[in-house]
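**Student:** Predicted model follows, preceded by the sequence.
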Amino acid sequence: MLEAGAIRGGGVRGLARSAGLTCMTTIALWSSALPACAGNEDIASLPVRARRHSDYEPAGVRVDAFMFYPSAVASVEYDSNVFAKVNAISDWALVTAPELRVVFERSDGSYELDVGARNYVYKRFDSQDRTDAHARFRASREITNDFKWDGQVEIARKYEVQGDSFADTGAAQPVPYRDLQAETSVTKTFNRLGVTIGGRVRNLAYENVDAIAGGTLDQSFRDGTIVTTTLKPFYEFSPGYRAYARIDLSRRDYQGEGTLNRDSQGYDARGGLEFRVTSLVLGSLDVGYLSQDYSNRLIPTVDGLSASARVMWLMTPLMTVTMFADRSVAETAAPGQEGRLDATAGATLDYELLRNLILSFEGVYKNEEFVGTSRSDDVVRLSAKIDYLFSRGFNFGFQYNYIDRSSNAPDVDFEKHVITFNITAQH
């Protein structure tokens, strides 16, 4: 149960996310269409990023029924605008990222634990040094042939950095916060008819940081809990075509009071279609209405059209094109910000130049409309990525990211170029 704004954000955090965005997007789209394409194991019918490369996959270490997959990434990253300002200042960073995956699979389900960290050490500006860390547990269980359960729990320490529209512009350093998430869902099918019921809880806790102007910036008003429940009935009315309705109910409670009160409740109701037109074209689209109402009467209700579309085209056996669009609420409990309505559109191209050499290109445009203010931002992200699968034990990569934020608010515009070279050791 992924949030609609999975590709939100800017700055270094948004660029770091984009390193895996291509792969996650294609795999997510492929997974959503599985009911329409079960039984087809031909590799040419799989998107490039979802294919197995058995000669280059890590061997892992088996202990009884558990498989352990350790890995470590070392990167050198150049950022042309490390503070995401109009007047750009560049810097280099050494990025190291150890990770361990533990997988346990049974005939009726699978379980996976993922523990890792990402440490940034800058050459000139050590105020930007930081270490992200996470521990994530996923589980999937097929209780009966027509009844499935999925769940996930994650705790992470993250940072908001300059250039992200959520970030406090008065902070002298990245703002650290704890992000605790838990979600679960069950899916029951009755021949062609089925229903998915799910829920998600997210708790955020921010830490105070030094201010650029001196003193300390209190971030406690941003602490909060977001609860979302989902109901999704569906019906496969023809082979390869499944109609569905979906409603998400959300409640968001934050610690801020008075003018800093950001508590709200709302819904997003949509009707849609998952489809597989041919063995080469598949995807989903939906449209509906959203509304988010705030306890603070000074903040206007955010409402209007909600929609999303994702289409995957297996253009050739070696090339996959993915197109996506979305319109949804992205509430920001941040200084000087209230609700936000995002409209996003983009496309990804994955090309398997050689069996062990994969190229990816992505372009994303996003409009961020800040409700309650006159601010409106246009964000453009472009990226190019090369993955060279050298052996089972080592992979090499190169990535270029460009981001441009154009806003009618003062001192928010910036553009940056980020270039990353990395080597991955895995077992």
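**Tutor:** Nice, thanks for sending it over. Note that this is a predicted model, so its numbers are computed, not measured.

**Student:** contacting residues around residue 95?
**Tutor:** Residue 95 sits next to 73, 74, 75, 76, 77, 118, 119, 120, 121, 420, 422 when contact means CB atoms under 8 Å, 6 or more residues apart in numbering. (C-beta placed from N, C-alpha, C; glycine too.)

**Student:** If it is in a bridge, with which residues?
**Tutor:** Beta-bridge partners for residue 95, by DSSP bridges, are residue 75, residue 120.

**Student:** What pLDDT does the model give it?
**Tutor:** Looking at residue 95, its pLDDT stands at 97.

**Student:** now it: how far from residue 404?
**Tutor:** Here the criterion is CB to CB, to the nearest Å. By it, residue 95 lies 23 Å from residue 404.

**Student:** so where's this protein uncertain?
**Tutor:** 1-44, 331-338 (pLDDT under 70).

**Student:** quick one: the helices in it?
**Tutor:** 11-32, 34-37 (DSSP state H).

**Student:** Among the contacts of residue 95, name the buried ones.
**Tutor:** With burial judged by 16 or more other CB atoms under 10 Å, the buried subset of these is 73, 75, 77, 118, 120, 420, 422.

**Student:** Rebuild the contacts of residue 95 as JSON lines, extending it with distance to residue 267.
**Tutor:** As requested, those are exported to JSON lines (distance: CB to CB, whole Å):
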{"residue": "73", "distance to residue 267": "40"}
{"residue": "74", "distance to residue 267": "45"}
{"residue": "75", "distance to residue 267": "41"}
{"residue": "76", "distance to residue 267": "46"}
{"residue": "77", "distance to residue 267": "41"}
{"residue": "118", "distance to residue 267": "35"}
{"residue": "119", "distance to residue 267": "40"}
{"residue": "120", "distance to residue 267": "38"}
{"residue": "121", "distance to residue 267": "44"}
{"residue": "420", "distance to residue 267": "40"}
{"residue": "422", "distance to residue 267": "42"}
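
**Student:** wait, which of those is closest to residue 200?
**Tutor:** Checking these against residue 200 with CB to CB, the nearest one is residue 118 at 24.0 Å.

**Student:** show me what contacts the closest one?
**Tutor:** 16, 95, 96, 97, 131, 132, 133.

**Student:** Could you find the closest non-adjacent residue to residue 384?
**Tutor:** Using CB to CB, 6 or more residues apart in numbering and skipping the chain neighbours, the partner closest in space to residue 384 is residue 400 (4.8 Å).

**Student:** and the gap between that neighbour and residue 110?
**Tutor:** Relative to residue 110, residue 400 is positioned 35 Å away (CB to CB).

**Student:** phi, psi of the closest residue to residue 206 other than its chain neighbours?
**Tutor:** Distance criterion CB to CB, 6+ apart; nearest residue to residue 206, sequence neighbours excluded, is residue 219 at 3.7 Å. Backbone torsions for residue 219, taken as degrees, to the nearest 10, come to phi -110, psi 0.

**Student:** May I ask you to confirm that residue 219 is in contact with residue 175?
**Tutor:** Yes - Residue 219 lies in contact with residue 175 (CB atoms under 8 Å); the separation is 6.2 Å.

**Student:** list the buried ones in stretch 345-355?
**Tutor:** Judged by neighbour count (16+ other CB under 10 Å), stretch 345-355 contains these buried residues: 346, 347, 348, 349, 350, 351, 352.

**Student:** can you pull the contacts of the residue nearest to residue 206?
**Tutor:** Going by CB under 8 Å, 6+ apart, residue 219 touches 168, 175, 177, 206, 207, 208, 209.

**Student:** Tell me the one of those nearest residue 279?
**Tutor:** Nearest to residue 279 out of the contacts of residue 219 is residue 177 (CB to CB; 44.3 Å).
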